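In: Next comes the sequence, and after it the predicted model I'd like to discuss.
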Amino acid sequence: MTTEEDQDYVEYVSASLERLRRAAYLLCGDAHRADDIVQSTLISVYLRWSKIRRVENLDGYVHRILVRRYVDENRRSWARVLLAWRVPELAAKPTASTEDADAVQAALAGLSRGQRSVLVLRFICDMSVQETAAALDCSTGNVKSQTSRGLAAMRTTLRAQWPAARSESIREVANR
């Protein structure tokens, strides 16, 4: 790659890294796995940068790679084993906003990969139906139905978890 292409790549990564990390975290629910998925995605993008840097919807293209990396990682047949040398110290008591975030994360984790991917791309990455369909290589009708089913499942989960929602944000999500 030329120096100009390298600079373009660095600028793109600098501008989109946090957005990619947030999307990956919401897909997999683990910050370390999310970082691995983003790293793998950015390596793929770098290797093809001279060809793809002028793509019309670069963010959609990169998010498509991100979702594919996430799906590929979940298809691996080997299991991940967590070994702890010692028991971690107790965490501080969670606040209401932490509990809300945990509830939404748990509701997302309970969705199918397709529904979770669509909801993250649509509402976290702020992609349109058409951009999401292009990123996931599916029809706009599929995106709409996955969105509808995913939101309905999240509402059900959140209502069951918090019948009298303590927080305005949870009430908003559950009552839409």
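Out: Perfect, thanks for sending it.
In: what about the helix or strand where Val143 lies, average pLDDT?
Out: According to DSSP states H and E, Val143 maps onto helix 140-161. Per-region confidence: helix 140-161 scores 91 on mean pLDDT.
In: What helices and strands are in contact with that helix?
Out: Secondary-structure packing of helix 140-161 (3 or more CB pairs under 8 Å, 6 or more residues apart in numbering; DSSP states H and E): helix 96-109, helix 113-119, helix 129-136, helix 168-174. No exception for glycine: its C-beta is placed from N, CA and C like everyone else's.
In: can you state the direction angle for the third one and helix 140-161?
Out: Interaxial angle, helix 129-136 versus helix 140-161 (axes from the mean of the first three to the mean of the last three CA atoms, to 10 degrees): 100 degrees.
In: Alpha carbons only: can I get helix 129-136 in PDB?
Out: What follows is helix 129-136, C-alpha atoms only, in PDB (Å, rounded to 0.1, in the frame of the first residue of the first chain):
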ATOM      1  CA  VAL A 129     -33.000  -1.100   6.700                       C
ATOM      2  CA  GLN A 130     -31.300  -1.100   3.300                       C
ATOM      3  CA  GLU A 131     -27.800  -0.700   4.800                       C
ATOM      4  CA  THR A 132     -28.400  -3.500   7.300                       C
ATOM      5  CA  ALA A 133     -29.700  -5.800   4.500                       C
ATOM      6  CA  ALA A 134     -26.600  -5.100   2.500                       C
ATOM      7  CA  ALA A 135     -24.300  -5.600   5.500                       C
ATOM      8  CA  LEU A 136     -25.900  -9.000   6.300                       C
END
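In: Could you give the separation of the lengthiest helix in the chain from the chain centroid?
Out: The single longest helix within the chain, with elements called by DSSP state H, is helix 3-28. Offset of helix 3-28 from its chain centre (CA atoms, centre = their mean, to the nearest Å): 14 Å.
In: OK, contacts around Val120?
Out: Val120 sits next to Ala23, Leu26, Leu27, Leu108 when contact means CB atoms under 8 Å, 6 or more residues apart in numbering.
In: ok, and which of the helices and strands packed on helix 140-161 has the densest surroundings?
Out: Neighbour counts (mean count of other CB atoms under 10 Å) averaged over each of these peak at helix 113-119, with a mean of 23.
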